[in-house]
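Quick check, what structure comes out for this input:
(one chain, ligands or ions: 2)
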Amino acid sequence: MKSTTPTPPSTLLRARQVGRTYAGRAVLRGVSFDLKAGERLALVGPSGSGKTTLLNCLGGVDRPDSGSIELNGVALETLNGDQLAEVRRRRLGTIFQFFHLLPTLTAAENVELPLQLNGVNSTERVRRVQQLLDRVQVSHRADAWPAQLSGGEMQRVAIARALAHQPELLLADEPTGNLDSKNGANILRLLRELSNETGTALVLVTHSPEAAAICHRELELRDGEVVGERLLSAS
Ligand SMILES: Nc1ncnc2c1ncn2[C@@H]1O[C@H](COP(=O)(O)OP(=O)(O)OP(=O)(O)O)[C@@H](O)[C@H]1O
Ligand SMILES: [Mg+2]
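Ligands and ions are numbered 1, 2, ... in the order given. Predicted structure coming up:
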């Protein structure tokens, strides 16, 4: 289904009637919403309500069976695998509950990877990696392996990696779900600050009201459907 109405320029992401079925069971049913450039949206709802599935569809790692997802006016469903991979590499950053750092690369090398994949030259890469690690306050751990880092440090490195190539949209699935409350609060503050500083929009899947509170808006899913939407007072 392809909409004929043009996407307004400030709309970064536009989801319309998104559906996803697994083995005959509908886990997303007619999900529609818009996200403006720089906006932060919390996706909440009970376990199994389809939050991760929706995030995966937004990030182009899963494909909806119906509906449309447009990023900057480009309908993801019209792209082939290589084109989707390019969108992911250039425009999106992702962070996860379990950090997903590459274990055989140091902290600095993990952050450098997206820059390398995007063809940034080595002088500029070194400069950007240093700057990012400074910004997330882990430059003293630049040469450490992921296994030598604390959970909070790993998530800081993961955030630096997700933002290294200056994506327009950051997708985060329970990014504080594996941290204690103090580290979780620090990570949330960092995400809010970095989103404000860089203008990167954020879709944040979370069970926690404290995490949702860094967002401008909250979308509630239940059984794969949007059952509520409310404005939050994030700044
Ligand atoms: N690859 C898959 N194959 C079959 N069913 C799946 C698959 N991925 C997810 N599901 C099912 O789809 C439903 C939605 O799953 P999803 O992971 O999106 O939920 P969620 O809202 O992220 O839950 P949680 O809060 O527990 O992470 C669940 O019932 C899940 O079992
Ligand atoms: Mg999930």
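
going forward, measure contacts and count neighbours with C-alpha atoms only.
Noted.

So for the chain, which residue is the most central one in space?
Centroid-nearest residue in the chain: L171, 0.9 Å away (criterion: C-alpha atoms, centre = their mean).

So what are the sheet partners of the helix or strand where that residue lies and their directions?
For L171, the host element (DSSP states H and E) is strand 169-173. Here strand 169-173 has these sheet partners by DSSP bridges: strand 92-95 (parallel), strand 201-205 (parallel).

average pLDDT across the first one?
When pLDDT is averaged along strand 92-95, the result is 96.

Any part of the strand holding L171 near ligand 1?
No - shown here: strand 169-173 not in contact with ligand 1 (C-alpha under 6 Å from any ligand atom), separated by at least 8.1 Å.

what's that strand in contact with?
Residues from elsewhere that reach strand 169-173 (C-alpha atoms under 8 Å, 6 or more residues apart in numbering): 38, 52, 55, 59, 91-97, 162-163, 200-206.

rerun that using 6 Å as the cut-off
The contact list for strand 169-173 (C-alpha atoms under 6 Å, 6 or more residues apart in numbering) reads L92, G93, T94, I95, F96, T200, A201, L202, V203, L204, V205.

burial of the fourth one, as a residue count?
Meaning I95. Here the number of neighbours of I95 (other C-alpha atoms under 10 Å) works out to 24.

same check, this time on G59
24.

now this protein, which segments are flagged as low pLDDT?
1-9 (pLDDT under 70).

Okay, strands next: where are they in it?
Ranges of strands within the chain are 11-22, 25-36, 40-44, 66-71, 74-75, 92-95, 169-173, 201-205, 217-222, 225-231, based on DSSP state E.

List the strands paired with the second one, with their directions.
Strand 25-36 has the following strand partners under DSSP bridges: strand 11-22 (antiparallel).

where's V226 relative to S195, distance?
From V226 across to S195, the span is 25 Å (C-alpha to C-alpha, to the nearest Å).

and the chain, which of its residues are near ligand 1?
So far as C-alpha under 6 Å from any ligand atom goes, the chain lies against ligand 1 at Y22, V27, P46, S47, G48, S49, G50, K51, T52, T53.

beta partners of the first one?
When you say that, I think you mean Y22. Here Y22 sits in beta bridges with R25, as judged by DSSP bridges.

Quick one: neighbours of it, just the number.
Neighbours around Y22, by other C-alpha under 10 Å: 9.

so what's V129 up against?
Here V129 is in contact with no residue (C-alpha under 6 Å, 6+ apart).

And it, how far from ligand 1?
31 Å (C-alpha to the nearest ligand atom, to the nearest Å).

And I159, by the same measure?
20 Å.

how deep is that residue tucked in, by neighbour count?
Neighbour tally, I159, other C-alpha under 10 Å: 27.

now swap in E124 and tell me
Around E124 there are 11 other residues, counting by other C-alpha under 10 Å.

show me where this structure has helices.
Using DSSP state H, the helices of the chain run over 51-58, 81-91, 107-117, 122-135, 151-163, 181-198, 209-212.

Out of these, which is the most enclosed?
Ranked by mean neighbour count under mean count of other C-alpha atoms under 10 Å, the helices of the chain are led by helix 151-163, which reaches a mean of 25.

Which elements pack onto that one?
If contacts are counted by 3 or more C-alpha pairs under 6 Å, 6 or more residues apart in numbering; DSSP states H and E, helix 151-163 sits against no helix or strand.

and that helix, how far from the chain's centre?
Mean-position distance between helix 151-163 and its chain equals 13 Å (C-alpha atoms, centre = their mean, to the nearest Å).
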